[in-house]
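Asker: Next comes the sequence, and after it the predicted model I'd like to discuss.
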Amino acid sequence: MWTGSGGLSVAQQLYNRFETAGKRLKAGDIAILDAAEYHHYQVSPTLVGAGLKQKSTLRRSLSELIPPYISHIPENVASFDPAHNAVRTSAGRTVAYDALVVAMGLQVNFGAIEGLPKALADPSSGVSSIYSYQTCDKVWEDIDALRAGHAIFTQPQGVIKCAGAPQKIMWMAWDRYRKLVAGTISLVKKYSEALDALRVKRGVGGYFGRNLVSVDTANRKAVFKNVADKTESKEDYTLLHVTPPMGPLDVLKGSSIVDAAGWVEVDKGTLQHVKPGYSNIFALGDASSLPTSKTAAAITKQAPVLTENLFHFLDSGKIGSAVYNGYTSCPLLTGYGELLLAEFKYGLVPAESFANYVGDQATPRRLFYHMKKDLFPWVYFNYYVKGRWFGPSGLARPKFE
């Protein structure tokens, strides 16, 4: 396991599940491999980029989060050897396992856009991104400093972490000075229509089907490539917020446990590997092949399913009956004091938790705004990463027959 949202949640939940069954594990039976020093609240960059939080308040050292009964090996995985039920670490150590949970996340490819790393390092470039702890506070500095000009917010085609985040920061900037140029819209029809209507109402331009390919900071120009006909166009910018392309970690690419795209190939319901010979491998979150949005909210439903099936697998050799329905959520900030809470499952079918109490969740509401800004960060560090938060069901662990 790893020390992201998925790894910490499953490690704690698995320990608790065995304890509940009266089969308490020994200290060290569960191990986490990760060389990281800190754990970052996954959705914090949006709050930081909008000027709502200081980034230092939204991370914790791993020593604060990993209890003594879970072993932490501070090394990264360098290769997988599923034929021998082992992984090899960056320090050359071989770690054997009875079962493996892959929760490695994904990588953000800043270098895939020419000139972007240099632009992000230049405090006067006007270029920023919420997709890095090092640069998320620069987003707010640029937004707050802009008084006139042309602001561009990009969102690439393909898989990215929290696909709604580029729009969240765009809307917060719009609410800051009420005139912007924008990126793309949600794929869920209900929310897509609501967001597009909001875009038109607010006079925000939408230029779809184009990916950012290079940044020229000297001339303040962004170069885009049309996805359909491959033609390039240049846009002047005063402020440029970039969502870089993303993909699987290099250590996963080419491994026998991943699919052609580089994601760990698991059953979309059970989260167990699809290859019979790798039945003791499970995966969740950003590194998995699950066909749903890669969000921290999705893990709140994935983790208990994986935990239940892994518990039964380790206890009896067969997985349990738990099935993941694809639930995910994207709390879309649409301005200061308002948020559209998108919740959906496989098939892009809305799966709203609060509609019966507050009405249609496609309508931005102040309640949802304060849930994201004030409640969720507290819940995350006090319950989520401790394996005691289960998304829509709150503190009640889902029951599986």
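Answerer: Looks like it came in fine.
Asker: how far away is the residue nearest to K234 when sequence neighbours are not counted from Q272?
Answerer: Leaving aside its sequence neighbours, K234 sits nearest to K221 (CB to CB, 6 or more residues apart in numbering; 4.9 Å). Just so you know, the C-beta spots here come from the backbone N, C-alpha and C atoms, and that holds for glycine as well. As judged by CB to CB, to the nearest Å, K221 and Q272 stand 48 Å apart.
Asker: quick one: the residue nearest to K234 and H150, what's the gap?
Answerer: 11 Å.
Asker: Identify the contacts common to those two.
Answerer: 235-237 (CB atoms under 8 Å, 6 or more residues apart in numbering).
Asker: Narrow those to those in strands?
Answerer: When the shared contacts of K221 and H150 are checked against strands (DSSP state E), the matches are 235-236.
Asker: can you list the shared contacts of K221 and H150 in TSV and add neighbour count, distance to E338 and pLDDT?
Answerer: Output for the shared contacts of K221 and H150, formatted as TSV (neighbours: other CB atoms under 10 Å; distance: CB to CB, whole Å; pLDDT from 0 to 100):
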residue	neighbour count	distance to E338	pLDDT
E235	17	28	92
D236	12	30	93
Y237	21	27	93
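Asker: Surely T334 is in contact with W171?
Answerer: Yes. Under the criterion of CB atoms under 8 Å, T334 makes contact with W171 at 4.6 Å.
Asker: Looking at the two, which is more packed in?
Answerer: Neighbour comparison, T334 and W171: the larger count goes to W171, with 29 against 24 (by other CB atoms under 10 Å).
Asker: which residues sit in contact with the more buried one?
Answerer: Contacts for W171 were tallied using CB under 8 Å, 6+ apart; they are 332-335.
Asker: rewinding a little: bridging residues for the residue nearest to K234?
Answerer: D216, D236 (DSSP bridges).
Asker: these two touch, right, it and S233?
Answerer: No. At 10.2 Å, K221 and S233 do not qualify as touching, with contact defined as CB under 8 Å.
Asker: Tell me which of the two has more neighbours.
Answerer: The neighbour count for K221 versus S233, taken as other CB under 10 Å, is higher for K221 (15 against 11).
Asker: Show the model's pLDDT score for that one.
Answerer: Looking at K221, its pLDDT reads 94.
Asker: same thing with N226?
Answerer: For N226, pLDDT reads 88.
Asker: which non-adjacent residue is nearest it?
Answerer: R210 (5.5 Å).
Asker: Now do the one you found against K230, distance only.
Answerer: Relative to K230, R210 is positioned 11 Å away (CB to CB).
Asker: So between those two, which is more surrounded?
Answerer: Counted by other CB under 10 Å, R210 and K230 do not tie: R210 has more neighbours, with 22 against 7.
Asker: so that one touches F224, yeah?
Answerer: Yes. Counting by CB under 8 Å, F224 is a contact partner of R210 at 4.1 Å.
Asker: Which neighbours do those two have in common?
Answerer: Contact criterion CB under 8 Å, 6+ apart; residues bridging R210 and F224 by contacting each: S233.
Asker: Show me where the stretch 251-400 of the chain has its helices.
Answerer: Applying DSSP state H, counting those that start in this stretch to the stretch 251-400 of the chain gives helices spanning 296-316, 355-358, 366-370, 376-382.
Asker: who wins for proximity to H84 among these?
Answerer: Nearest to H84, of all the helices of the stretch 251-400 of the chain, is helix 296-316, at 18.5 Å by CB to CB.
Asker: so what secondary structure elements neighbour that closest one?
Answerer: Judged by 3 or more CB pairs under 8 Å, 6 or more residues apart in numbering; DSSP states H and E, the packing partners of helix 296-316 are helix 5-20, strand 281-283, strand 328-335.
Asker: Format those as a markdown table; extra columns: distance to T46.
Answerer: As requested, the helices and strands packed on helix 296-316 are exported to a markdown table (distance: least, CB to CB, whole Å):
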| stretch | distance to T46 |
| --- | --- |
| helix 5-20 | 15 |
| strand 281-283 | 26 |
| strand 328-335 | 7 |
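Asker: So which of these has the densest surroundings on average?
Answerer: strand 281-283 (a mean of 26; mean count of other CB atoms under 10 Å).
Asker: confidence score at D259?
Answerer: pLDDT, D259: 95.
Asker: Quick check: closest non-adjacent residue to it.
Answerer: Spatial nearest neighbour of D259, chain neighbours left out: E265 (4.2 Å); criterion: CB to CB, 6+ apart.
Asker: Now do the one you found against K275, distance only.
Answerer: Distance of E265 to K275, computed by CB to CB: 7 Å.
Asker: what residues do those two have in common as contacts?
Answerer: Residues touching both E265 and K275 (CB under 8 Å, 6+ apart) are I257.
Asker: Of these two, which one has the most company?
Answerer: More crowded of E265 and K275, by other CB under 10 Å: E265, with 19 against 13.
Asker: Excluding chain neighbours, what is closest to I66?
Answerer: H72 (4.9 Å).
Asker: tell me which residues of stretch 378-396 are tucked away?
Answerer: Buried residues in stretch 378-396, defined by neighbour count with 16 or more other CB atoms under 10 Å: 379-381, 384-392.
Asker: Dig out what the closest residue to Y131 other than its chain neighbours forms beta bridges with.
Answerer: Residue nearest to Y131 in three dimensions, not counting chain neighbours: V108, with 5.0 Å by CB to CB, 6+ apart. For V108, the beta-bridge partners are M246 (DSSP bridges).
Asker: does V108 really touch S132, like I thought?
Answerer: Yes. In this structure, V108 is within contact of S132 by CB under 8 Å, at 6.8 Å.
Asker: Common neighbours of the two, please.
Answerer: The contact lists of V108 and S132 share no entry, where a contact means CB under 8 Å, 6+ apart.
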